[in-house]
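Colleague: One predicted model, sequence on top.
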Amino acid sequence: MKVAFISMSGVRVRTEELAALGVSLPGFVERGKVIASLPSLAGITLAAVTPEDVQFDYLEVDDVKTHGLREDYDLVAFSTFTAMANECYALSDRYRAAGVKTVIGGLHATLMPMEAAKHCDAVCTGEGETLWPKILADAKRGQLQSWYAEEKRGAYDITQTPTPRFELLELNRYNRVTIQTSRGCPLDCEFCASSKIYGAYRIKPVEQVMREVDAVLKVWPNPFIEFADDNTFVNKKWGKEMLRELAKRQVRWFTETDASIADDPEMLDLLADSGCQQILVGFESVVPESFQDLDRTDWKKKRSEDYARTILATQSRGITVNGCFILGLDSDTPEVFEATRDFIRDTQLLESQVTVWTPFPGTRLYDRLKREGRLLADEYWDRCTLFDVNFVPKRMSVKELESGMRWLFQELYNERVYLGRKRHYMEIQKRRFAQVNGGAAP
Amino acid sequence: MSRPDAKTVEETLRAQILRAGKLEPASLQPHTELVQELGMSSLELLSVLAFAEQKYGVSIRDEDLVSLTTLARIRAKIEELLES
């Protein structure tokens, strides 16, 4: 039996003016390149639970038009984000027309199984590790079912997930490799699709994470690791233990976490010693009213007064903070653009990621905006890029949101600001060198 | 403080690049692109430039930061600044 794992990972901004801006702003381009070149974990994880007698290829497709169809596969397994869902379906249709069976899993298919079923022979909803062996066995017998579902969302014991087959990746294609230390996030924000598919927040034991780090080190001796988590350091005791282990390996890494990481100076010191280069924090907004109902417990609203301290405490240790902000929240007025620019400038954030509020299908936000008649189209998946507007904002027009975002991009990602951030990072590092050397040059 | 000779500057910068990027000594040639070819992160490279400024008491113009991507170019820039 021969199987192909196909990951669809490319994302292209659809609004022409924004796409044009994206290629001319250096700060924007840099993070864009990183995201575009991240490997997908789904295929190489399923490869690890694939029996030895099954041959397989791991393929990443970012342009279906140039993908050469291979008819010698018995089964093609797709994983895709929402923005590439339609292109993924088109490719699946082509494979099926050529007589090849297809199965789809991943975030979008889990949230929209009925839609995915129109284009694939089978749909796998939830976490794939337990379902994949059954799918393969059924396919082998010629009895592929149309739907494979987890019994209960979030019930999968991730301590049982195997180490992904990192050796399958063509590492020269990437500037980072991804490892997952946890699944889900307890904050369960209204806009978040991940909380919806993963259910309960679960972490891997530190030894398991280190097994994966060591597996990466075997194939890439000096890697840059991106922890593909939604919120890594929820559990601080576990986090400290992991940081101590990472420090022994001296790898460079990046992750997403929440603002509470900066509550504990010891945690930040461990973070700095462990090789952490950057943390991405979803600050979401600089406007206090805009936090209303963002997450179930108003956690982010309560934290927002402390954002400047979080940034200063983290960055002073040589770790850059990539602050994420959402534009178009229900309380946002046209003043939000200038306020966001001022906050980023005043706090000297070393990196920022500004995106538009996006109602991903299957989320509570999608359900609410649909109920309120505020979605601009019934189906807009290729515009789920985080930069294209897909809904009617409450306190400004669609045009105001689009033009305000363009203005903010120009303010944040231009050459002068880009160089200013580089300079600021160097000055932080110089202060740190001086501290280590008692004020003298190193 | 007497001005360090070119060889010392190169050796000092070389040692700092190897340390910051956790690189194998054999991989680092004067004209090797530190980020593109050796996989240093842009932050590690900036940390090397910060080290060089601090060590030699010079100041690199912000506009020049983006072009300093090899050991040879960094050394040449530091030499130029020390001369001036």
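Modeller: Yep, it's here.
Colleague: quick one, strands of the chain?
Modeller: Since no chain was named, I'll use chain A. A:2-8, A:55-61, A:75-80, A:101-105, A:122-125, A:147-149, A:177-179, A:182-183, A:202-203, A:224-227, A:252-257, A:276-284, A:320-327, A:351-356 (DSSP state E).
Colleague: okay, those, which one's buried deepest?
Modeller: strand A:75-80 (a mean of 28; mean count of other Cβ atoms under 10 Å in any protein chain shown). The C-beta positions use only the backbone N, C-alpha and C, and glycine is treated the same way.
Colleague: from the middle of its chain, how far away would it be?
Modeller: Strand A:75-80 has its C-alpha centroid displaced from the chain centroid by 19 Å (Cα atoms, centre = their mean, to the nearest Å).
Colleague: Could you do stretch A:147-166 as well?
Modeller: 18 Å.
Colleague: and what of stretch A:81-96?
Modeller: With Cα atoms, centre = their mean, you get 20 Å for stretch A:81-96.
Colleague: tell me the contacts of the residue nearest the centre of chain B?
Modeller: Nearest residue to the geometric centre of chain B (Cα atoms, centre = their mean): B:I74, 4.1 Å. Listed by Cβ atoms under 8 Å, 6 or more residues apart in numbering or on different chains, the contact set of B:I74 reads B:L13, B:V48, B:L49, B:A52, B:L68.
Colleague: how many other residues sit next to A:R374?
Modeller: 15 (other Cβ atoms under 10 Å in any protein chain shown).
Colleague: my bad, should have said A:Q410
Modeller: Neighbours of A:Q410 (other Cβ under 10 Å): 15.
Colleague: Which ones among the contacts of B:I74 also lie next to chain A?
Modeller: B:L49 (Cβ under 8 Å from any Cβ of the partner chain).
Colleague: In helices only, show me the contacts of B:I74.
Modeller: B:L13, B:V48, B:L49, B:A52 (DSSP state H).
Colleague: so where is the chain shaky, pLDDT-wise?
Modeller: Let's take chain A. A:10-13, A:19, A:22-37, A:439-441 (pLDDT under 70).
Colleague: Not quite, go with chain B.
Modeller: For chain B (pLDDT under 70), the answer is B:1.
Colleague: Show me which residues of it sit near chain A.
Modeller: So chain B meets chain A at B:21-23, B:39, B:41-44, B:46-47, B:49-51, B:53-57, B:62-63, B:65-66 (Cβ under 8 Å from any Cβ).
Colleague: try it again with 6 Å
Modeller: Within chain B, the positions adjacent to chain A are B:K22, B:S41, B:L43, B:L46, B:S47, B:A50, B:F51, B:Q54, B:K55, B:D62, B:L65 by Cβ under 6 Å from any Cβ of the partner chain.
Colleague: mind listing what B:P30 touches?
Modeller: Counting by Cβ atoms under 6 Å, 6 or more residues apart in numbering or on different chains, B:P30 touches B:L71, B:A72.
Colleague: hmm, back to that, now the strands of chain A as CSV including distance to B:H31?
Modeller: Shown next, in CSV, are those (distance: least, Cβ to Cβ, whole Å):
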stretch, distance to B:H31
strand A:2-8, 36
strand A:55-61, 32
strand A:75-80, 41
strand A:101-105, 46
strand A:122-125, 49
strand A:147-149, 54
strand A:177-179, 27
strand A:182-183, 42
strand A:202-203, 45
strand A:224-227, 23
strand A:252-257, 23
strand A:276-284, 25
strand A:320-327, 28
strand A:351-356, 29
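Colleague: Please tabulate these in CSV and include distance to chain B as additional columns.
Modeller: Below are the strands of chain A laid out as CSV (distance: least, Cβ to the nearest Cβ, whole Å):
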stretch, distance to chain B
strand A:2-8, 22
strand A:55-61, 20
strand A:75-80, 27
strand A:101-105, 32
strand A:122-125, 35
strand A:147-149, 39
strand A:177-179, 11
strand A:182-183, 23
strand A:202-203, 26
strand A:224-227, 6
strand A:252-257, 6
strand A:276-284, 5
strand A:320-327, 6
strand A:351-356, 10
